[in-house]
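Participant: only geometry, no sequence info:
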């Protein structure tokens, strides 16, 4: 069972602020869910969760627009926040030391509702960026690493174009082409649909 909540707010980094719409993904069953990227509106996310238990609030990375409702949602649900520790510097920019998280490791599997979400560390958009792969569902939750039409943005602090391309090539392009990619913003796509575009990005560089 996969639900999507779309929330609106702002993304701020390097002195700039932009209006954004974020996808929040709920994965699980009728009893329990994992929330992927608690953005902007904890109440709206909690409403969609309903009476289910939140096993974890997983952050694909720590840009403020992906974590700014995580603290409040954790208070509402009692769920732990999970984040790759390489994004500590970004986490501190938003929360300081007021909200804590449990470190998440590459290769770790987060179990919920009879499935496993495998953590794939895919740095580039952010140092601690991860994707979550559910092979039983043929689904990848890509955060801001991979979008419909190409890789995530790398023009701001703590990001690297070469690194994100390597992450996508090494960690994502080998997944089955029919794998559906649910992104952090905008429309979903598939590995098969994006592979040709990514070869073009790799060939031409920036």
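Facilitator: All right, it came through fine. Since we're looking at a predicted model, the values are computed, not measured. Residues are numbered from 1 along each chain as shown.

Participant: quick one: residue 151 and residue 124 touch, right?
Facilitator: Yes - with contact defined as CB atoms under 8 Å, residue 151 counts as touching residue 124 (7.1 Å). Heads up, the C-betas are built off the backbone N, CA and C, glycines and all.

Participant: For the longest helix along the chain, name the packing helices and strands.
Facilitator: In the chain, ranked by residue count with DSSP state H as the criterion, the top helix is helix 191-204. In terms of contacts (3 or more CB pairs under 8 Å, 6 or more residues apart in numbering; DSSP states H and E), helix 191-204 is packed against strand 150-151, helix 161-167.

Participant: so how far is the last one off the chain centroid?
Facilitator: Helix 161-167 has its average C-alpha position 16 Å from the chain's average C-alpha position, going by CA atoms, centre = their mean, to the nearest Å.

Participant: how about whichever helix or strand comes after that helix: buried residues?
Facilitator: Where DSSP states H and E defines the elements, the next helix or strand beyond helix 161-167 is strand 180-183. Buried residues in strand 180-183, counting neighbours by 16 or more other CB atoms under 10 Å, are found at 180, 181, 182, 183.

Participant: hang on, the earlier thing: which neighbours do residue 151 and residue 124 share?
Facilitator: Listed contacts common to residue 151 and residue 124 are 145, 161, 164, 165, 168; contacts here mean CB atoms under 8 Å, 6 or more residues apart in numbering.

Participant: wait, which of these is closest to residue 24?
Facilitator: Distances from these to residue 24 were compared by CB to CB; the smallest belongs to residue 145, at 16.5 Å.
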